[in-house]
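*Asks:* need the 3D shape of this:
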Amino acid sequence: MKSQARGGGPVTVGASSGETAEAEAAGVAERVPAPQLRRRLGRADLRAVPEARRALRELLRHWGRPDTSEVAELLTSELVTNALVHTDDDAILTATVSSHGLRVEVRDFVARTPRPRVPVAGEDTHGRGLVLVQSLADAWGVLPHKEGKSVWFELGAQAA
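*Replies:* I've put the predicted structure just below:
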């Protein structure tokens, strides 16, 4: 699926994934490693959801944007929950902050492509996560891998 416009493990903060963010110091841009969170999520371990939210909040606080983490935390919770509930394997959460904003990606090892479901009045609250992602993210999508997929979203620099 292409990008769509709006319509458990160790945590690493400050590590580079090969990307760089442009920092503005004294009016001169220099290349610095992009702050990143990377965490392995254990199979069906829903304790990973609040842990992922806390780790993301810390990443955004480190980057100097703690007041804008609510939407990012909500969307991350949705992607992490989906990966843990709808697969029978581990998943990997990666969040990277750059001068372009925040990109959060949750990789799982099941090829089935998720699709947003239109909520129906009177139904339980399941199945609404991707609708939230679609509504609140600046861009989102699904990237297939040889084994599994990554579901990702981005929030622009003004939002992240």
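*Asks:* may I ask which helix or strand of the protein has the lowest mean pLDDT?
*Replies:* strand 20-25 (a mean of 39; mean pLDDT, DSSP states H and E).
*Asks:* where does the prediction get shaky in this protein?
*Replies:* For the chain, the stretches flagged by pLDDT under 70 are 1-33, 64-68, 119-127, 157-160.
*Asks:* tell me where it has helices.
*Replies:* 48-62, 69-85, 129-136 (DSSP state H).
*Asks:* now the longest one: buried residues?
*Replies:* The one in question is helix 69-85. Neighbour-count burial for helix 69-85 flags 69, 71-73, 75-84 (criterion: 16 or more other C-beta atoms under 10 Å). Any C-beta I mention is one placed from the backbone N, CA and C, and that applies to glycine too.
*Asks:* beta partners for Ala39?
*Replies:* No, residue 39 isn't Ala; it's Arg. According to DSSP bridges, the residues that bridge with Arg39 are Leu93.
*Asks:* how many neighbours does it have?
*Replies:* 21 (other C-beta atoms under 10 Å).
*Asks:* repeat that for Pro50.
*Replies:* 12.
*Asks:* next: Ser135.
*Replies:* 13.
*Asks:* same question for the one 4 residues further on.
*Replies:* Other residues near Ala139 number 16, with proximity taken as other C-beta under 10 Å.
*Asks:* again with Ala44
*Replies:* There are 12 residues near Ala44, going by other C-beta under 10 Å.
*Asks:* with Asp45 instead?
*Replies:* 13.
*Asks:* what's the local residue count around the nearest residue to Leu155 once chain neighbours are set aside?
*Replies:* Spatial nearest neighbour of Leu155, chain neighbours left out: Leu102 (4.7 Å); criterion: C-beta to C-beta, 6 or more residues apart in numbering. For Leu102, the count of nearby residues is 29 (other C-beta under 10 Å).
*Asks:* please report how far Leu102 lies from Asp90.
*Replies:* Distance, Leu102 to Asp90, by C-beta to C-beta, to the nearest Å: 23 Å.
*Asks:* just Glu105 next, same as before
*Replies:* Glu105 is 15 Å from Asp90, by C-beta to C-beta.
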